[in-house]
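1. okay, here's the prediction I keep looking at, along with the sequence it came from:
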Amino acid sequence: MTFLSRAITAFGGLLLAHACYSAREHTALQSLRAASTATLTSSATVATSLPVDIVLETILSTFFVLFGLVLGARPLRPIEWRVWAGKIEREGEEGFTDNSGAVDKDYMGNPFSVLETRPNFVDIRKQRREFAEWVQKRGAEPTH
């Protein structure tokens, strides 16, 4: 996560903690008020909802936390194997770095490297290139 995303997430977390504390204090004061009123009038307790400012602070702080987390998230990786392998072939390890520049801990490298390092793996492109060179050499030599 970058500094900006961490700062936004921390700010949203502080706002959310304050909203939770405010809701708890409001509920405690309302229950105390209802208890004192019940002793005087002996009526049932009245349930009250939270004030609008506490509800808005809770919603706003939740959005701040979510925005900070999304801002600091790593880019999504490809789902399809062929797209993922193509990205590895084109960009290598640099294509799988997070926002801070460190290599992704889930990066495993080329998924097809096991196939390419087998001793009996046939490299068609290399054989085609060797064959083309052989044909050019043979075409340059006089035939008997």
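-> Yep, that arrived. Because the structure is a prediction, the values reported are computed rather than measured.
2. shaky segments in the chain?
-> 1, 38-47, 77-78, 92-121, 140-144 (pLDDT under 70).
3. who are the packing partners of the top helix by length along it?
-> Using DSSP state H, we find that the single longest helix of the chain is helix 3-41. With contacts taken as 3 or more Cβ pairs under 8 Å, 6 or more residues apart in numbering; DSSP states H and E, helix 3-41 sits against helix 52-71. Any C-beta I mention is one placed from the backbone N, CA and C, and that applies to glycine too.
4. buried residues in the helix it packs on?
-> The neighbour-count check on helix 52-71 (16 or more other Cβ atoms under 10 Å) flags Ile54, Glu57, Thr58, Ser61, Phe64, Val65, Gly68, Leu71 as buried.
5. adding distance to Glu89, write these out as a markdown table.
-> As requested, these are exported to a markdown table (distance: Cβ to Cβ, whole Å):
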| residue | distance to Glu89 |
| --- | --- |
| Ile54 | 54 |
| Glu57 | 50 |
| Thr58 | 48 |
| Ser61 | 44 |
| Phe64 | 40 |
| Val65 | 38 |
| Gly68 | 34 |
| Leu71 | 30 |
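6. quick check, nearest of those to Gly13?
-> Val65 (5.9 Å; Cβ to Cβ).
7. ok, that closest one to Gly139 distance?
-> 71 Å (Cβ to Cβ, to the nearest Å).
8. now His18
-> From His18 across to Gly139, the span is 83 Å (Cβ to Cβ).
9. more neighbours: these two, which one.
-> Legend: neighbour count by other Cβ atoms under 10 Å for His18 and Gly139, higher for His18 (14 against 8).
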